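[1] My questions are about this predicted structure, shown below with the sequence.
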Amino acid sequence: MADLLDRLPALTHFAMRMTGPGDGTRISGTPFYDPKAFLAVFKPILALARIQQVVVRISGYYLPLYDKAMECLRTLRDPRIFAIKDEWELLSWDDLSPQELDEAHEGQSIWDLGRRVYEP
């Protein structure tokens with residue numbers, strides 16, 4: 001991740017869409033969620049002072065993990081992290097949720113829709 005970020009020196013905002021069809025609590029019968037690995041994605045991004053906002057949109061497959069993800073992200077104690085909980089169920093990996101489509105038609109921005117995860 002750090003190498004990618006080094007190649008994008010003008011990057012100030014980062015959005016991550018965690019979604020897909022199904023139930024995100026298990027993959028092939030194995031519990032799915034590693035807080036350490038999850039946070040490892042965000043740490044190099046947040047280590048950069050130029051990053052002003054990080055938005056995580058969680059829906060579909062990952063929706064059952066939303067509360068755990070928020071709890072985990074709060075441990076970073078960083079007010080630049082925002083989250084969007086999109087409760088629509090997706091039927092395929094290619095889908096946008098109806099919520100995302102409505103937001104686009106209304107001209108809403110992901111940067112304005114997220115709720116701050118940590119309040120100092």
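    Received it, and whenever you're ready, just let me know what you need. Computed from a predicted structure; not experimentally measured.

[2] Tell me which other helices or strands the lengthiest helix in the chain touches.
    Ranked by residue count and defined by DSSP state H, the top helix of the chain is helix 35-46. Judged by 3 or more C-beta pairs under 8 Å, 6 or more residues apart in numbering; DSSP states H and E, helix 35-46 is in contact with helix 2-6, strand 53-59, helix 66-74. C-beta here means a position set from N, CA and C on the backbone, and glycine is covered the same way.

[3] for this structure, what are the low-confidence residue spans?
    Within the chain, the segments meeting pLDDT under 70 span 20-33, 88-96.

[4] and the residue positioned nearest the centre of it, what is it in contact with?
    Nearest to the geometric centre of the chain sits Val56, at 2.0 Å (C-alpha atoms, centre = their mean). By C-beta atoms under 8 Å, 6 or more residues apart in numbering, the contact list for Val56 reads 15-16, 18, 69, 73, 81-84, 114, 117.

[5] Of all the helices and strands packed on helix 35-46, which one is nearest Lys36?
    Checking these against Lys36 by C-beta to C-beta gives helix 66-74 as the closest, at 9.1 Å.

[6] Could you export the closest one as CSV, CA atoms only?
    C-alpha atoms of helix 66-74 as CSV (Å, rounded to 0.1, in the frame of the first residue of the first chain):
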residue,chain,number,x,y,z
TYR,A,66,-20.2,-3.1,10.0
ASP,A,67,-20.3,-2.7,13.8
LYS,A,68,-17.1,-4.7,14.2
ALA,A,69,-15.4,-2.5,11.5
MET,A,70,-16.5,0.7,13.2
GLU,A,71,-15.3,-0.5,16.6
CYS,A,72,-12.0,-1.4,15.0
LEU,A,73,-11.6,1.9,13.1
ARG,A,74,-12.3,3.9,16.3
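
[7] Give the buried residues for it.
    66, 69-70, 72-73 (16 or more other C-beta atoms under 10 Å).

[8] ditto for stretch 44-53
    So, applying 16+ other C-beta under 10 Å, buried residues of stretch 44-53: 45-46, 48, 51, 53.
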